[in-house]
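Visitor: Sharing a model that was predicted from the sequence below.
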Amino acid sequence: MGTRVTPYTQPEQESKKRQVARMFDNIAHSYDFLNHFFSLGIDVLWRKRAIKILKAHLKESGTQDNLHIMDMATGTADFAMETMRIGGENLRITGVDISPGMLEVGRKKVERKGWSDSIALIEGDSADLPFNDETFDAYTVAFGVRNFEFLEQGLIEMRRTLRQDGLGIVLEFSKPRYFPLKQIFHFYFHWLMPTMGKLVSKDASAYSYLPESVDAFPEGDQFLSIMEECGYRSCKTIRLTGGIASIYTGIK
Ligand SMILES: C[S@@+](CC[C@H](N)C(=O)[O-])C[C@H]1O[C@@H](n2cnc3c(N)ncnc32)[C@H](O)[C@@H]1O
């Protein structure tokens, strides 16, 4: 993926994975608030849109009961909980994340909803998943792949755990291309958000890492090519809200 973008400069020898986990542990307590605040709640609509696409795919392939879905980089479990909308008999969702702090916040939310029997949250790394081949009917990952230390390895590993014809859905930030959204987004993402994020989360690096990691991420057609190289077929992109975010889909 070219340049290494990490949350912290020190210690230099610390892996991106460890730094990312440490950063999310640091901001776990304020993550949900800042996430919805900075996106003006639009992130909720993006996740809903992704789940609609997943639901349509499952309906089309005739698999609506006994589903097992993985939510990679589940964080505080927002996407995993949104996935409950798919419904059907015996729906199971397994959320995976490298940050114990984010998972702890997620588990409390899942418990409060009374969904602990349906949603399991476990610690794990996208590059080396503790699941057999063909375990899941589909996977989702929101705002996660940008943080992977090994992007291709993660995509290949997630595909391994999908059943044949299973769908992978990736929701990730992208960059608007046209005036005036391009300029507004740049100001918002590079100036306003890092300043406010620093005040509220007390982690100065976390909200400067965010725009840097979005800038470095191979979005759009480049990401689709990577998905194809990793073995996915029928890969598609849907740009959301003028290109601030994109949904990528690919089938095993
Ligand atoms: C921006 S949060 C997104 C959380 C959630 N998906 C959401 O939509 O709010 C990114 C999450 O990715 C996790 N993450 C980063 N690299 C990972 C990896 N290699 N394997 C699993 N999780 C990872 C982080 O710990 C963090 O919780």
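Guide: Thanks, I have it.
Visitor: Could you pull up the residues touching the residue most central in space within the chain?
Guide: Nearest residue to the geometric centre of the chain (C-alpha atoms, centre = their mean): A142, 2.2 Å. Going by C-beta atoms under 8 Å, 6 or more residues apart in numbering, A142 touches D43, W46, R47, A50, D71, A73, D78, F79, L171, E172. Where you see a C-beta, it was placed from the backbone N, CA and C, and this is true even at glycine.
Visitor: Counting neighbours, which of these comes out on top?
Guide: With neighbours defined as other C-beta atoms under 10 Å, the most crowded of those is D71; it has 29 neighbours.
Visitor: can I assume that residue sits in a strand?
Guide: Yes - counting by DSSP: H, G, I helix; E, B strand; the rest coil, D71 is located in a strand.
Visitor: I'd guessed K175 sits against E219; true?
Guide: Yes - look at K175 against E219 with C-beta atoms under 8 Å: they come within range, at 6.7 Å.
Visitor: Now do the same for Q64: its pLDDT.
Guide: Here the pLDDT value assigned to Q64 is 83.
Visitor: now the contacts of A142 as TSV including secondary structure and pLDDT?
Guide: Below are the contacts of A142 laid out as TSV (DSSP: H, G, I helix; E, B strand; the rest coil; pLDDT from 0 to 100):
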residue	secondary structure	pLDDT
D43	helix	94
W46	helix	97
R47	helix	96
A50	helix	98
D71	strand	98
A73	coil	98
D78	helix	97
F79	helix	97
L171	strand	98
E172	strand	97
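Visitor: Close to the ligand: what parts of this protein are there?
Guide: Within the chain, the positions adjacent to the ligand are 17, 20-21, 24, 35, 73-75, 78-79, 96-99, 102, 125-127, 142-144, 147-149 by C-beta under 6 Å from any ligand atom.
Visitor: In helices only, show me the residues you listed.
Guide: In helices, judged by DSSP state H, the following of the residues of the chain next to the ligand are found: K17, V20, A21, F24, N35, D78, F79, M102.
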